[in-house]
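got a structure for you, letters missing:
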């Protein structure tokens, strides 16, 4: 686990099972057992993923000894979204360029429908 | 490196040096030498980070033998932003709750300014 929070967030998200766990928690609190059900995975394997998510502050866990429900903690996702958002103009520009290119192709097409 | 594209993107972003490299490329194409300059890092160490970014399709490299400029490739960032954006309502809700709580505190304060 890296020291800085943003690296910890991205590292935690870099796994399809952990992303699927967050998606399930978007539906509400779940116990570890409930979270393990849809995955062909042992409880200890799921617990390991939950520890990574918890260390990255992406989930919080209840303090009840028997049933420690997991809950989505969205703050780190907000910071990750803000970081990525700095690059928005780049992907929007490349979509604009693709759009302009497709229009150009369409105009060159002699028999194509005009819009 | 994980098989799925989103995991590869998040894993590539989970490192402060790689994020700093992307930030520099937001200013335009750069050679490996130019990218290495601000970091107290050897060319091979920087090259290793560039390989991770290239495998994750976050950068593209020119084909010139001598000078292979690196260029930001924003598409995977768009997909990462879309994934995170599914959770936007959660962090917006928690900000709303914090806001409501602060207003409540302010109203309870007998000498506090009313708004």
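Here it is on my side, so go on. Just so it is clear, the model here is predicted, and its values are computed rather than measured. Residues are numbered from 1 along each chain as shown, chains lettered A, B, ... in the order given.

what about the longest helix in chain A?
Of all the segments assigned as helix in chain A under DSSP state H, the longest by residue count is helix A:88-108.

how about the strands in chain A?
Along chain A, the stretches classed as strands by DSSP state E are A:59-61, A:70-72.

Could you pick out the residues of chain A near chain B for me?
A:2, A:4, A:6-11, A:13-16, A:19, A:22-23, A:26, A:72, A:74-75, A:77-78, A:80-81, A:83-88, A:90-91, A:94 (CB under 8 Å from any CB of the partner chain). Just so you know, the C-beta spots here come from the backbone N, C-alpha and C atoms, and that holds for glycine as well.

now the helices for chain A?
Under DSSP H, chain A gives helices at A:5-13, A:16-25, A:32-36, A:43-55, A:75-85, A:88-108.

now chain A, which segments are flagged as low pLDDT?
A:1-3, A:65, A:110-115 (pLDDT under 70).

Could I get the contacting residues of residue A:9?
Shown in contact with residue A:9 (CB atoms under 8 Å, 6 or more residues apart in numbering or on different chains): A:56-58, A:76-77, A:79-80, B:14.

Looking at those residues, which one is closest to residue A:105?
The shortest approach to residue A:105 among these belongs to residue A:80, at 36.6 Å (CB to CB).

my guess is that closest one meets residue A:14, correct?
No - Residue A:80 is not in contact with residue A:14 according to CB atoms under 8 Å; the separation is 11.5 Å.

what number of residues lie near residue A:14?
23 (other CB atoms under 10 Å in any protein chain shown).

Looks like it contacts residue B:7 (just checking).
Yes - contact criterion CB under 8 Å: residue A:14 and residue B:7 qualify, at 4.8 Å.

any chance of the strands of chain A in TSV, plus mean neighbour count and distance to residue A:38?
Listed next are those as TSV, based on neighbours: other CB atoms under 10 Å in any protein chain shown; distance: least, CB to CB, whole Å:
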stretch	mean neighbour count	distance to residue A:38
strand A:59-61	19	16
strand A:70-72	20	14
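
Tabulate those strands in JSON lines, adding columns for distance to residue A:32.
As requested, the strands of chain A are exported to JSON lines (distance: least, CB to CB, whole Å):
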{"stretch": "strand A:59-61", "distance to residue A:32": "9"}
{"stretch": "strand A:70-72", "distance to residue A:32": "7"}
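
Which residue, neighbours along the chain excluded, lies closest to residue A:25?
Closest residue in space to residue A:25, ignoring its immediate chain neighbours: residue A:72 at 4.1 Å, by CB to CB, 6 or more residues apart in numbering or on different chains.

repeat for residue A:19
residue A:13 (6.2 Å).

Check residue A:87 too.
Residue A:87 sits nearest to residue B:77 (CB to CB, 6+ apart), 4.8 Å away.

on that earlier part again, count the residues that sit near the residue nearest to residue A:19.
28.

Please report the distance of it from residue A:48.
Applying CB to CB, to the nearest Å, the value for residue A:13 to residue A:48 is 16 Å.

Please apply the same query to residue A:78.
From residue A:78 to residue A:48 the distance is 25 Å (CB to CB).

Counting neighbours around each, name which of these two comes out higher.
residue A:78 (18 against 13).

The more buried one: what's it in contact with?
residue B:91.

same thing with residue A:30?
Counted by CB under 8 Å, 6+ apart, residue A:30 has contacts A:24, A:69-70.

Quick check: it vs residue A:38, distance?
10 Å.
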